[in-house]
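**Q** Prediction below, plus the sequence it came from.
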Amino acid sequence: MLRKAALVVFMSVVFIVFVFPGESEEIVKDKDSKPKTIETLSAYVKTAQFKDFPEDVIGRAKYLILDNIGCALGATQTAVGKKFLKVAADWKSIPESTVMGIGSKVSCMNAAYVNAQLANVLDFDDTYDLYLPGHPGNAIVQTAVALGESIGASGEELLTAVILGYEVSLRIGRSLGPIEWQIPMFMDSMARGTTTVSSRLLKLDQKEISNALHHAIEIPLAPKRQRFDLPASMIVPETKSHYGMECIRGILAARLAQQGVTSGRSMLDGDIKQWYMVGGELEGYDILTGGLGKIYRIMEVSFKPTPSCRLTHPPVTALWKALNHKPVKAKNIEQIIIKNVKRLDRPKWEIMMEAQFSMQCVVALAALGIEPGPRWYTTGKFKDPEVRELAAKIKLENDPEAEVMELREKKVKCTVTVKFKDGIVKKATIHQIKGAPGNPMTEEELKAKFRANTIDIFSEAQIAKIIDAVLNLEKLPKVPDLTKLLSSPKVKIY
């Protein structure tokens, strides 16, 4: 009996330690131990002030918001985007937040979901090159806009929440290691970003923010490292990465914490050994909290110059450099050779989702000088006979040196050679992708991109009004003053 009783006690202790690691840790916590990562992050989220953000950080946040809203509005013109709008049209819920394009109001969670999904439809959204989350703006921006509208937050409060959301999300993502060569243990860097946004907008205290960040965790998956690619055999789902769900998770986590619902503890409470054992990068552990308020990861976010997977952009950048941005005619081209990490080899495509992940299609569209935007897809340009003719002349070659640079140095290398039928050869090698911090899109280019996304549903005057509202967001009394501008009678779903 004693042995049986001892075994029961032992198993109870094991259960407590492994199922409730946070609670048991609190019991044995050293009085002199440093604050845990999650405590440091939650303190920063609570205390950071808008007036302390550098001007360039505020400026970057404004353009990221403008860019993501533009991507969502651009998607409303596509067949896939209209499917998400129909989902919103069928919802019967509290009219809290605006569905972009059609202007109807649903609950803030539902609006955030649909708007985040719209923002990803064109694959024109911002990227965190080489690190998770791949497209941070979709969930972060749309959570802030939807929740901000529902509670009547000010433009300054929205901006603050967005900056903090990027900061927390990108730090966690960066510390997990490069995205191109692995499927990470979990994607909770995005959920932690939307939780940060929601916690700040709901004005949670530090303890509540910490609890909310714990609520945001997913069940960790075993790390699996491999080269990232979407082969031609893979069917690209219209939900893609389902960023809308990350909006819901973030808002829910903050609201649970607001009501005092407790959560379990997570690996962010552990030390560097625990972090590494579940798949984190040793060299990335200190990035979680180092330089908070001084180093702003939001400045490392990239904008996309074409509505296509970011992996198509090194060849597009090199192509534009080789051609000096001058368009070509398919009939004049003998061959285009792309030497890079060979990915997205999809010589045949029929629908928009396939075209976005076809290196041949995207490079052909870029070479022909067709303005990037929804019209690539809404007008059927991506299936134009000349696009297919030129795409058939594109050859993809793998570059072992580019592979090593990407894996070991987190750098890009891509060479494009354009051979004309008259014997002329144009060639260029690039190490910075267009839209990345080292090769940025200008403010005028970003405004032009917003215009390309919206010109078929808004007048020039309306476009200018939206741009002005976003670029002066800190002066906006209430978020609804912005969202009321984001619908158009030209957006049809039936």
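**A** On my side now, so go ahead.
**Q** mind checking how far residue 192 is from residue 265?
**A** Separation of residue 192 from residue 265 (CB to CB, to the nearest Å) stands at 14 Å. Quick note: C-beta positions are derived from backbone N, CA and C, even for glycine.
**Q** Show me the helices in the stretch 351-494 of the chain, by range?
**A** Taking DSSP state H, counting those that start in this stretch to define them, one finds helices in the stretch 351-494 of the chain at 352-356, 359-367, 375-378, 385-391, 400-404, 443-454, 460-471, 480-483.
**Q** most tightly surrounded among these?
**A** Of the helices of the stretch 351-494 of the chain, the one with the most neighbours on average (mean count of other CB atoms under 10 Å) is helix 359-367, at a mean of 27.
**Q** and that one, what's its mean pLDDT?
**A** Across helix 359-367, the average pLDDT comes to 98.
**Q** helices and strands around it, which ones?
**A** Other elements packing on helix 359-367 under the criterion 3 or more CB pairs under 8 Å, 6 or more residues apart in numbering; DSSP states H and E are helix 313-323, strand 333-340, helix 352-356, helix 385-391, strand 394-398.
**Q** can you put the ones you listed in CSV and add mean pLDDT and distance to residue 133?
**A** Listed next are the helices and strands packed on helix 359-367 as CSV, based on pLDDT from 0 to 100; distance: least, CB to CB, whole Å:
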stretch, mean pLDDT, distance to residue 133
helix 313-323, 98, 17
strand 333-340, 98, 23
helix 352-356, 96, 18
helix 385-391, 98, 30
strand 394-398, 97, 27
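**Q** Turn the ones you listed into JSON lines, columns for distance to residue 55.
**A** Converted to JSON lines, the helices and strands packed on helix 359-367 look like this (distance: least, CB to CB, whole Å):
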{"stretch": "helix 313-323", "distance to residue 55": "28"}
{"stretch": "strand 333-340", "distance to residue 55": "36"}
{"stretch": "helix 352-356", "distance to residue 55": "35"}
{"stretch": "helix 385-391", "distance to residue 55": "42"}
{"stretch": "strand 394-398", "distance to residue 55": "42"}
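**Q** nearest to residue 272, of the ones you listed?
**A** helix 313-323 (33.3 Å; CB to CB).
**Q** Excluding its own residues, what touches the closest one? List them.
**A** For helix 313-323, contacts defined as CB atoms under 8 Å, 6 or more residues apart in numbering pick out 304-306, 308, 336, 338, 340, 359, 362-363, 366-367, 412-418, 426-430, 432-435, 439.
**Q** In strands only, show me those residues.
**A** Judged by DSSP state E, strands contain the following of the contacts of helix 313-323: 336, 338, 340, 414-418, 426-430.
**Q** Compute the distance between residue 74 and residue 332, please.
**A** Distance of residue 74 to residue 332, given as CB to CB: 31 Å.
**Q** What degree of burial does residue 418 show, as a neighbour count?
**A** For residue 418, the count of nearby residues is 22 (other CB atoms under 10 Å).
**Q** Is it correct that it is in contact with residue 328?
**A** Yes: with contacts counted by CB atoms under 8 Å, residue 418 reaches residue 328, the gap being 7.3 Å.
**Q** what residues do those two have in common as contacts?
**A** With contacts taken as CB under 8 Å, 6+ apart, residue 418 and residue 328 have residue 367 as neighbours in common.
**Q** Which PyMOL command selects the buried ones in the ones in strands among the contacts of helix 313-323?
**A** Command for PyMOL that selects the buried part of the ones in strands among the contacts of helix 313-323, burial taken from 16 or more other CB atoms under 10 Å:
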select buried, resi 336+338+340+414+415+416+417+418+426+428+430
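**Q** For the ones in strands among the contacts of helix 313-323, work out which two are farthest apart.
**A** 340 and 426 (16.8 Å).
**Q** Compare the helices of the stretch 351-494 of the chain and give me the one nearest residue 285.
**A** Of all these, it is helix 400-404 that lies closest to residue 285, at 24.6 Å by CB to CB.
**Q** now the closest one: how far from the chain's centre is it?
**A** In terms of CA atoms, centre = their mean, to the nearest Å, the gap separating the centre of helix 400-404 from the centre of its chain is 26 Å.
**Q** what sits up against that helix?
**A** Here helix 400-404 has contacts from 227, 339-341, 412-414, using CB under 8 Å, 6+ apart.
**Q** Kindly recompute the last result at 10 Å.
**A** Contact partners of helix 400-404, identified using CB atoms under 10 Å, 6 or more residues apart in numbering, comprise 180-181, 227, 314, 339-342, 411-415, 429, 431.
**Q** Then stretch 486-494?
**A** 69, 72-73, 76-77, 81-89, 98-104, 115, 145, 454, 456-459, 462, 466, 469.
**Q** who has more neighbours, residue 74 and residue 332?
**A** Taking other CB under 10 Å, residue 74 and residue 332 do not tie; residue 74 has more neighbours (30 against 12).
**Q** so who does the closest residue to the more buried one other than its chain neighbours touch?
**A** Nearest non-adjacent residue to residue 74, counting by CB to CB, 6 or more residues apart in numbering: residue 453, 3.4 Å away. Counting by CB under 10 Å, 6+ apart, residue 453 makes contact with 67, 69-77, 122, 124, 307, 372-375, 463.
**Q** And for residue 237?
**A** residue 353.
**Q** ok, it to residue 110 distance?
**A** 20 Å.
**Q** Show me this protein divided up by domain.
**A** Domains of the chain are assigned by automatic domain parsing as 37-300, 310-430.
**Q** For these, state which one has the densest average packing.
**A** Stretch with highest mean neighbour count among the domains of the chain: domain 37-300 (a mean of 21; mean count of other CB under 10 Å).
**Q** quick check, distance from stretch 68-87 to the centre of its chain.
**A** Distance, centroid of stretch 68-87 to centroid of chain: 16 Å (CA atoms, centre = their mean).
**Q** Only C-alpha atoms, please: export it in PDB.
**A** Taking Å, rounded to 0.1, in the frame of the first residue of the first chain, the C-alpha atoms of stretch 68-87 are listed here in PDB:
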ATOM      1  CA  ASN A  68      -2.400  46.800 -46.000                       C
ATOM      2  CA  ILE A  69      -5.700  48.700 -46.400                       C
ATOM      3  CA  GLY A  70      -4.900  49.100 -50.100                       C
ATOM      4  CA  CYS A  71      -4.200  45.300 -50.400                       C
ATOM      5  CA  ALA A  72      -7.600  44.500 -48.800                       C
ATOM      6  CA  LEU A  73      -9.400  47.000 -51.000                       C
ATOM      7  CA  GLY A  74      -7.600  45.700 -54.100                       C
ATOM      8  CA  ALA A  75      -8.800  42.100 -53.200                       C
ATOM      9  CA  THR A  76     -12.400  43.100 -53.200                       C
ATOM     10  CA  GLN A  77     -12.300  43.300 -57.000                       C
ATOM     11  CA  THR A  78     -11.200  39.700 -57.400                       C
ATOM     12  CA  ALA A  79     -13.300  36.500 -57.500                       C
ATOM     13  CA  VAL A  80     -11.500  35.100 -54.400                       C
ATOM     14  CA  GLY A  81     -12.000  38.300 -52.500                       C
ATOM     15  CA  LYS A  82     -15.700  38.400 -53.300                       C
ATOM     16  CA  LYS A  83     -16.000  35.000 -51.700                       C
ATOM     17  CA  PHE A  84     -14.800  36.400 -48.400                       C
ATOM     18  CA  LEU A  85     -17.200  39.400 -48.800                       C
ATOM     19  CA  LYS A  86     -20.000  36.900 -49.200                       C
ATOM     20  CA  VAL A  87     -19.000  35.300 -46.000                       C
END
